[in-house]
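Q: Need a 3D model of the following:
(3 chains)
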Amino acid sequence: MNLVAESLKNMTLKKLAALLGESVEIEGGGAVIITGVCSIDNPKTGHIALAEHPEKIVWDKNTERPAALIVKKVFNIEGLPLLIVENPRIAFAHILRHFYYEDEFIGGIDPSAVVASDAEIDATSWIGPLAVLESGSRIGAGVEIGAGCFIGENSVIGDNSFLHPNVTILRGVTVGKRCIFHSGAVIGSDGFGFTPSPEGNLKVMQVGGVQIGDDVEVGANTTIDRATLDMTIIGNDVKIDNLVQIAHNVRIGDHTRIAAQVGITGRVTIENNVVVAGQAGFQNGITVGEGSVVGGRAGVTKSVPKHSIISGYPADDHKKSLYLQAMQKRLPEMMERLEKIEKYLEMKRDCEV
Amino acid sequence: MNLVAESLKNMTLKKLAALLGESVEIEGGGAVIITGVCSIDNPKTGHIALAEHPEKIVWDKNTERPAALIVKKVFNIEGLPLLIVENPRIAFAHILRHFYYEDEFIGGIDPSAVVASDAEIDATSWIGPLAVLESGSRIGAGVEIGAGCFIGENSVIGDNSFLHPNVTILRGVTVGKRCIFHSGAVIGSDGFGFTPSPEGNLKVMQVGGVQIGDDVEVGANTTIDRATLDMTIIGNDVKIDNLVQIAHNVRIGDHTRIAAQVGITGRVTIENNVVVAGQAGFQNGITVGEGSVVGGRAGVTKSVPKHSIISGYPADDHKKSLYLQAMQKRLPEMMERLEKIEKYLEMKRDCEV
Amino acid sequence: MNLVAESLKNMTLKKLAALLGESVEIEGGGAVIITGVCSIDNPKTGHIALAEHPEKIVWDKNTERPAALIVKKVFNIEGLPLLIVENPRIAFAHILRHFYYEDEFIGGIDPSAVVASDAEIDATSWIGPLAVLESGSRIGAGVEIGAGCFIGENSVIGDNSFLHPNVTILRGVTVGKRCIFHSGAVIGSDGFGFTPSPEGNLKVMQVGGVQIGDDVEVGANTTIDRATLDMTIIGNDVKIDNLVQIAHNVRIGDHTRIAAQVGITGRVTIENNVVVAGQAGFQNGITVGEGSVVGGRAGVTKSVPKHSIISGYPADDHKKSLYLQAMQKRLPEMMERLEKIEKYLEMKRDCEV
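A: Alright, predicted model coming up:
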């Protein structure tokens, strides 16, 4: 991914606004030339910045000033030109895509890659150095397989997917279109299935697969286990952060987002449009209903219905969890009040006697 | 791992029962032909399924029906033939092994592997493409080293062990027989040893090794550090899930199972036959007694004796932890009751005055 | 890393003391020959051991005895010679460095490595087998790049840094001098940036980089994401353990140490000289002040000032957290006392009526 030569992508704020569609307004300086995107904390001359909380901006006298700001509402900051949009984050994402681009590549197979004779690779796809493709693997159109990746027997990578270097996709995994896998991700490792037996821990063979939808992103060093039987299923447009564990036979619904270090144990179902914050964990076999939000570090021990907002351990309704947390902080006070009553009653008893 | 051609492995329920040994009974349909194994949630014609909770089975009118069920007790489900066994999970594991098999392989070294001239490799073992074997490494009989694996100086891999692609075994690590390592596992990384000094964090060299017993399985992206001095020791038949951290000088006893994302800090001893659930953590240097069970997310801060069942943070007896959890949920009620008493006493006092 | 031939490194306790500098004292046996370093739990004849808690030493009759002990104060253990130092751990670290040494290497590029024609590699550095160096990467002097490592476009590795096998450094990452990266570490993966939009989760391109100072150590399978814009910054002398997640735009100050499985979310600042224990987590965007200590599993939800000592979830002052923990354990007792009062008052009421 590289910054395009500025002379090619530079444009006026007005033209940039036009790229974003109809509901965009400009406040002052539509003729200013925008040459790139900068952050609000580290502004750069000629660049446009996202200002989600313009009221919090504190700039040093000596730092540079951006050329314009992306905002939701009119807000006067040193009279800077504004791009006023309904959803500044979406506009920001689109503007980034204007100024940056993914490296272009030409289809081909690096001579150092080790590719089985019967692997099917579309001519428009690129297989990086020292990648290994096993027998029966199939690579769609416009795919990039990074250096050192492994694609196991009979696995399929859909069109325009991108594997960063050193990703491991084991046998019998199906990946949809436009997916992104970050380095160190392992897809299709065995589920953790053992049965205590008189001879020790008897391994339950893991003979299922993994099926990944379209537009999925999988973070660095995340692991997704194959199913014991059937499939571990990741829906469409699912986004998974780094170091997440997804066990055998899990099902993740469409559009769900899972933050770093979350642990999802065997046979859990997380339905569509769920958001799971970092380090949360889930008990075997439970279901998290559509549209739910699971707080950071939540330990989810029971199934929850649609649109639940939960946190804490064991996870409960978020407001209830917060209230319990507040109550816990009042424990010393409660103890004091309890003791006061006891003393008072003793005193009374003494008086009465 | 592949499904064997059905015509070769198909057999009657009666013959399948005979394979499992003496204490197996058949209820109805011993002559039915079994052609594979399916899951209870996704039944397939001709296949046998494990029914651990037959009373919970709910099948759609239109889904296929399995050929037979593995059960513990007689249970009438649409009159399906039953394989009745003392331990259905063990039977299921054995039946899976009948219908599926690990790919066979012929010993040899892929020409793209980089193998030190003095590495000793048994002729029956296979070294995958782009694997690296350093000087003094020794590979036993019937071993598979997957693509892209690294075996460091003087490390030893015992007979019939299997390394999935992209496993890293650093120098001076000893692995027993029949072990399985999943992709991305790192064995023999340095322990986290630093001493604050006037010059900053002074590294304590980690010059010990790692010793792994027989029949051990290590999950994807799990890390096992070498000892500062001496050895980090993993016993026999230890099963470790994905993304587990095992620090320097830890000792894990035989048959112990450790679920995903568990963190075991330096010098911890976990004795034989312990079960550790996901995301648990352990304080430096403590000991968990033989046969103990450690609950999910438990934070174990003190040594516990044999056969402890613990959970919570800080971990305590599991029943006690559950009781405390229940109590915590009653905090708002306690506060109300406390306030009621206070009001009543105030009222009384007012009356008395 | 190897043990030097004993004949070369052996020396008397007196000479060893002289190596350590001025404030070292010897108690008895300055002429004893020291041939190596052993652990206090597994003593070996001729070796010196660190005795941090000499009062706890329990040796079997039949185990070997060490040649001498490193201690803070005079302590008589079977009359063994003592090396008395102000800081025994520092002395131990220095003595280990005397008896062990890193393997020497000669600069060069393994013929199996895949190196871009315009990569700049100092002649004194070594590029291991099957490593991949992309266009514009720059490798300083005395660097070791282990087998299977990946160095992306325009990334820079400073002098005398050491990458263990299978480390992934993506494009645009700058690494300082004398850094150590353990296997499976991934530096420069995309930050987890998505914006919900009518078309699903819209990816926010991650176009920033990662900047790593001097003397940094990064653990096995740890992930450090690149910044959305600007830089994710790791200061000097930062030590990071295994399986740690460091998200986009995080800043870690000099000398800070972070234990295994910690999760640091986007835009968090951890200042200089902070110690973070295992499995702790941090809320987006907060700041942990200089010199703070964060307890194991702490869930840090708010910024904390300099020199804070915090633990628990949500993290609070450590003493307060401990007190609350103790209070929670007294909940059943509180409930009993509350019920006793209620009964007493009821009884009284009944009498009064």
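Q: Can you tell me the closest non-neighbouring residue to A:Glu52?
A: Here the nearest residue to A:Glu52 in space, its sequence neighbours aside, is A:Pro88; by Cβ to Cβ, 6 or more residues apart in numbering or on different chains that works out to 6.1 Å. C-beta: built from backbone N, CA, C; applies to glycine.
Q: try A:Gly295
A: Once flanking residues are discounted, A:Gly295 sits nearest to A:Ser311: 3.0 Å by Cβ to Cβ, 6+ apart.
Q: count of neighbours near that neighbour?
A: 23 (other Cβ atoms under 10 Å in any protein chain shown).
Q: now the one 5 residues further on
A: Other residues lying near A:Asp316 total 21 when counted by other Cβ under 10 Å.
Q: Tell me who's in contact with the residue nearest to it when sequence neighbours are not counted.
A: Across the structure, with Cβ to Cβ, 6+ apart as the measure, the residue nearest A:Asp316 apart from its sequence neighbours is A:Ile310 (6.3 Å). The neighbours of A:Ile310, taking Cβ atoms under 8 Å, 6 or more residues apart in numbering or on different chains as the test, are A:Ser292, A:Val293, A:Val294, A:Gly295, A:Ala298, A:Val300, A:Val304, A:Asp316, A:Asp317, A:His318, A:Ser321.
Q: what does A:Pro111 give?
A: A:Pro111 sits next to no residue when contact means Cβ under 8 Å, 6+ apart.
Q: can you tell me the helix or strand for it?
A: Here A:Pro111, judged by DSSP states H and E, is contained in no helix and no strand.
Q: quick one: it and C:Ala315, what's the gap?
A: Distance, A:Pro111 to C:Ala315, by Cβ to Cβ, to the nearest Å: 53 Å.
Q: Hmm, A:Thr265 and A:Ala280 touching each other?
A: No. A:Ala280 sits out of contact with A:Thr265 when judged by Cβ atoms under 8 Å, with a separation of 11.5 Å.
Q: tell me which element the residue in the stretch 251-353 of chain A that chain B sits nearest to is part of?
A: Closest approach between the stretch 251-353 of chain A and chain B, counting by Cβ to the nearest Cβ: A:Met327, at 4.2 Å. Under the criterion of DSSP H and E, A:Met327 resides in helix A:318-329.
Q: rewinding a little: what are the phi and psi angles of the residue nearest to A:Glu52?
A: phi -60, psi -30 (degrees, to the nearest 10).
Q: Verify the contact between it and A:Ala49 for me.
A: No. When contacts are counted by Cβ under 8 Å, A:Pro88 is not listed as touching A:Ala49 (10.3 Å).
Q: what touches both of these two?
A: In contact with both A:Pro88 and A:Ala49: A:Ile70, using Cβ under 8 Å, 6+ apart.
Q: which one of these two has more residues nearby?
A: When A:Pro88 and A:Ala49 are compared on other Cβ under 10 Å, the one with more neighbours turns out to be A:Ala49, at 23 against 20.
Q: wait, doesn't the more buried one sit right on A:Pro43?
A: Yes. With contact taken as Cβ under 8 Å, A:Ala49 and A:Pro43 are classed as touching, separated by 5.7 Å.
Q: Can you check what angle separates the longest helix anywhere in chain A from helix C:331-352?
A: The longest helix of chain A (DSSP state H) is helix A:331-352. In this structure, helix A:331-352 runs at an angle of 30 degrees to helix C:331-352, with axes from the mean of the first three to the mean of the last three Cα atoms, to 10 degrees as the basis.
Q: Flag every buried residue along helix A:331-352.
A: Of the residues in helix A:331-352, those buried by neighbour count under the rule 16 or more other Cβ atoms under 10 Å in any protein chain shown are A:Leu331, A:Met334, A:Met335, A:Arg337, A:Leu338, A:Ile341, A:Leu345.
Q: which of those residues lies closest to C:Glu120?
A: Comparing the buried residues of helix A:331-352 against C:Glu120 with Cβ to Cβ places A:Leu331 closest, at 61.9 Å.
Q: From what I see, that closest one and C:Gln325 are in contact.
A: No. In this structure A:Leu331 lies outside contact range of C:Gln325 using Cβ under 8 Å: 9.9 Å.
Q: A:Ile90 belongs to a helix?
A: Yes. With DSSP: H, G, I helix; E, B strand; the rest coil as the criterion, A:Ile90 is located in a helix.
Q: where does chain A have low pLDDT?
A: Confidence mapping of chain A against pLDDT under 70 gives the ranges A:1-8, A:352-353.
Q: try 50
A: Applying pLDDT under 50 to chain A picks out residues A:1, A:5-6.
Q: For A:Ile145, name its beta-bridge partners.
A: Listed by DSSP bridges, the beta-bridge partners for A:Ile145 are A:Ile127, A:Leu163.
Q: List buried residues within the contacts of A:Ile310.
A: Applying a neighbour-count criterion of 16+ other Cβ under 10 Å, the buried members of the contacts of A:Ile310 are A:Ser292, A:Val293, A:Val294, A:Gly295, A:Ala298, A:Val300, A:Val304, A:Asp316, A:His318, A:Ser321.
Q: just checking, which of the residues you listed belong to helices?
A: Per DSSP H, helices hold the following members of those: A:His318, A:Ser321.
Q: To what extent is A:Leu229 buried, counted in neighbours?
A: A count of neighbours around A:Leu229, defined by other Cβ under 10 Å, yields 27.
Q: now it: how far from A:Ala91?
A: Relative to A:Ala91, and taking Cβ to Cβ, A:Leu229 is found at 46 Å.
Q: just A:Val24 next, same as before
A: 7 Å.
Q: Quickly list what's touching both of these two.
A: Residues touching both A:Val24 and A:Ala91 comprise A:Leu83, A:Val85, with contact defined as Cβ under 8 Å, 6+ apart.
Q: So those two - more neighbours on which side?
A: Taking A:Val24 and A:Ala91 together and counting by other Cβ under 10 Å, A:Ala91 has the greater number of neighbours (25 against 17).
Q: how far away is the closest residue to that one other than its chain neighbours from chain C?
A: On the basis of Cβ to Cβ, 6+ apart, the spatially nearest residue to A:Ala91 that is not a chain neighbour turns out to be A:Val85, at 4.3 Å. For A:Val85, the distance to chain C equals 12 Å [Cβ to the nearest Cβ, to the nearest Å].
Q: Please give the number of neighbouring residues around A:Val85.
A: 21.
Q: so who does it touch?
A: Residues touching A:Val85, when contacts are defined by Cβ under 8 Å, 6+ apart, comprise A:Leu20, A:Ser23, A:Val24, A:Glu25, A:Ile70, A:Val71, A:Lys72, A:Ala91.
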